Every structure is written in structure tokens, then in C-alpha cells.
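Undergrad: Here is my input; please provide its structure:
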Amino acid sequence: MQYLIFTIDKTLYAVDVFHIQEVISYEEPQHLPCPDPIIAGLLSSRGSNFSVVDIRKKFELEPIQYTDANKIVVIDAINKRHGSKVVFGAIVDSVQEVLTLDEQVTDDRPNLGNSIANRFVKSIAKKDDKFVLILDVDKIFSFDELDNIAKTQGE
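TA: Next comes the predicted model:
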């Protein structure tokens, strides 16, 4: 399978390219009044509006000042409560590459304890001498968070 590899706080993450719509250069999202602090605002690309989420807040990492060096990965996920597709942009530190990872190389997800990552890391692979956390995009956000993301887009 092919995965888009990106970094957040010096950690490598991967998402199945099936869920990736595009990668765009960082631009500040238009702020919206929203009760969910992970939602940074709203952007438009290719004629579509989508919410932008601050993954650092979701992953409970230290905030940083975003710059032109950051990227926004536009991802689609399924809200399993409604069975509907939700498109959102995720601010990441950098995008590395698209990489093919054999299923044999991908280890089963280890027990990550009580960490927030335990809820949405599907498995772990190795790239060179570094671990790559493969995310389950359908589980990163709670039903309520996905509902809030959809509401900010007017869906």
C-alpha cells in the first residue's frame, strides 16, 4: 500500500494515499467561531471549502507558530455515526514523500498505553531507522469532533 509520510513534532506519520485529496502550502485559515479548539478555521481549494484542524492540539503537543514551511494535508474520513464523508485539512510540519509499505513490513499496532495516540494509530512501520506511525483517519476524531468539522463547512 502507498502512504503519504509527514512529520508533526519530529515524529513520522503516514496516511493511506486513498484518503489524501491534496497537499497545499500553508495559509492561515479564516477563523470561525467554533466551540471545538482543534478547528483552526476554514479554507477553500479547487472550489471546495473545508475545515482546517490543528493536529498539534488534537495530539496534545506544544503549539508552534505556523509558517510557509508548514503544509496542509487535505484528508477525507468517514463519520461512522452518519456514514458520511468528512473532508478536512490537517496542518503538518512537513510532507516527506509517498512511500510503499509492504504489509509484511508493517507491524501490528503495539500497546501505546493510555496515550492519545493509542486511539488512532493503526500500525507502526519502519523507514530506514525511524518508526512511522500509520494513522487510521476514520478514528482520529470523535463523532462529535467530526460533526463540528462538518458544521463549520455548512454541511
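
Undergrad: all strands of the chain, in order?
TA: Using DSSP state E, the strands found in the chain span residues 2-8, 11-16, 20-25, 39-45, 48-53, 71-79, 84-92, 94-100, 107-108, 121-127, 130-135.

Undergrad: Ile140 - nearest residue in space that isn't next to it in sequence?
TA: Taking Cβ to Cβ, 6 or more residues apart in numbering as the measure, Ile140 lies nearest to Phe120, with 4.4 Å between them; neighbours along the chain are not counted. Every residue, glycine included, has its C-beta placed from N, CA and C.

Undergrad: Contact partners for that neighbour?
TA: Applying Cβ atoms under 8 Å, 6 or more residues apart in numbering, one finds that Phe120 lies in contact with Leu135, Asp136, Lys139, Ile140.

Undergrad: Would you point out the most distant pair within these?
TA: Using Cβ to Cβ, the contacts of Phe120 reach their maximum pairwise distance at Leu135 and Lys139, which is 8.2 Å.

Undergrad: picking that back up, quick one: which of the strands of the chain is nearest Leu61?
TA: Of those, the one closest to Leu61 (Cβ to Cβ) turns out to be strand 2-8, at 7.0 Å.

Undergrad: Any stretches of this protein with poor pLDDT?
TA: For the chain, the stretches with pLDDT under 70 are 102-118, 142-143, 146, 153-155.

Undergrad: measure the most centrally placed residue in it to Lys126 for me?
TA: By Cα atoms, centre = their mean, the chain has its centre lying nearest to Ala90, at 4.8 Å. Counting by Cβ to Cβ, to the nearest Å, the gap between Ala90 and Lys126 amounts to 23 Å.

Undergrad: cool, Val52 as well?
TA: Per Cβ to Cβ, Val52 is found 30 Å from Lys126.

Undergrad: What of Ala69?
TA: Where Lys126 is concerned, Ala69 sits at a distance of 26 Å (Cβ to Cβ).

Undergrad: Those two: which has the busier surroundings?
TA: For Ala69 and Lys126, the more surrounded residue by other Cβ atoms under 10 Å is Lys126, and the numbers stand at 13 against 9.

Undergrad: Quick check: beta-bridge partners of that one?
TA: With DSSP bridges as the criterion, Lys126 is bridged to Phe131.

Undergrad: you'd agree it is up against Leu101?
TA: No. Contact status for Lys126 versus Leu101: not in contact, 9.1 Å apart, counting by Cβ atoms under 8 Å.
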